[in-house]
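Asker: Next one to model:
(one chain, ligands or ions: 1)
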Amino acid sequence: MTPQIAFHKVFYRSGEKAILKDLSLEIFPGDYISVVGPSGSGKSTFLKLCCHLISPTEGSILINGADVMKLDPAELRKKIGYCFQTPVLFGRTVEDNLSYPYRIRNRKMDGGRVNKLFSLFQMDPDYLKHEIVNLSGGEKQRIALIRSLLFQPEVLLLDEATSALDPENTLIVERVIRTLNQDGVTVLWITHNPEQSRKYAGRLLAIENGEIKSMEALK
Ligand SMILES: Nc1ncnc2c1ncn2[C@@H]1O[C@H](COP(=O)(O)OP(=O)(O)OP(=O)(O)O)[C@@H](O)[C@H]1O
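Answerer: Below you'll find the predicted structure:
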């Protein structure tokens, strides 16, 4: 099987500093990988490379066998959803944020899809009218998650996606992500929570000092 994402001897440097060193690994469709490691070890940088928000300074990254450097960024964005550690929401309302991805594709917001996602996360569709300035950190995280799922990505990259959520909403999000994974979505999830990292994941990737420390099979 062709890996969905393959890293071959990837380095990422900023000036003199090597932030990621000699990463080689393969991720297959339907994988669920928890990414763990100390603060500053390079986990977010790894996810940013996976969706080509940044380019490797050495080595190659292949997506479904094609060099990421040659892929159309717009096509890649459709395939790979990414939720940042600190949700980036813009405009005035939640609707501004959820209609924008449609607007840039010259499409009308798909109300059915949006409502389905609200219901998955057990949120009231009335949230569409809420103002961003009034949202809690946890609400912002869930809106950012919903936005990353609008176009049914093949791969979902989550950077501490439940860090601002209470235990109840953390469980809801964990279950939604597990269901998506069972439906075939590949999940890479950075978490500092040891219990969460082992709950549903099939593999545990530990990054330390910019290097792969281990890749442990959990199932
Ligand atoms: N573009 C950049 N230029 C310079 N340094 C950078 C750049 N990007 C990341 N770094 C540094 O590289 C290191 C790894 O950062 P990264 O955000 O990937 O770590 P992390 O493991 O996700 O950390 P955390 O768990 O705290 O979120 C940090 O020391 C960070 O300051």
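
Asker: Can stretch 11-21 be said to contact the ligand?
Answerer: Yes: using C-beta under 6 Å from any ligand atom, stretch 11-21 reaches the ligand at 14, 19. Just so you know, the C-beta spots here come from the backbone N, C-alpha and C atoms, and that holds for glycine as well.

Asker: quick one: contacts of that stretch?
Answerer: For stretch 11-21, the external contacting residues (C-beta atoms under 8 Å, 6 or more residues apart in numbering) are 10, 22-23, 42, 45-46, 49, 54, 56-59, 209-211.

Asker: Buried residues of it, list them for me.
Answerer: Buried positions in stretch 11-21, judged by neighbour count with 16 or more other C-beta atoms under 10 Å: 12, 18-21.

Asker: so how far does stretch 63-75 reach from one end to the other?
Answerer: Criterion C-alpha to C-alpha, to the nearest Å; first-to-last residue distance in stretch 63-75 is 11 Å.

Asker: quick check: mean pLDDT across it?
Answerer: For stretch 63-75, mean pLDDT rounds to 93.

Asker: Which residues in it does the neighbour count mark as buried?
Answerer: In stretch 63-75, counting by 16+ other C-beta under 10 Å, buried: 63, 68, 71.

Asker: In JSON lines: the residues you listed, plus distance to the ligand and secondary structure.
Answerer: Formatted as JSON lines, the buried residues of stretch 63-75 follow (distance: C-beta to the nearest ligand atom, whole Å; DSSP: H, G, I helix; E, B strand; the rest coil):
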{"residue": "63", "distance to the ligand": "20", "secondary structure": "strand"}
{"residue": "68", "distance to the ligand": "18", "secondary structure": "helix"}
{"residue": "71", "distance to the ligand": "21", "secondary structure": "coil"}
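
Asker: Out of the contacts of stretch 11-21, flag the one nearest to the ligand.
Answerer: Using C-beta to the nearest ligand atom, residue 45 comes nearest to the ligand of the contacts of stretch 11-21, at 3.4 Å.
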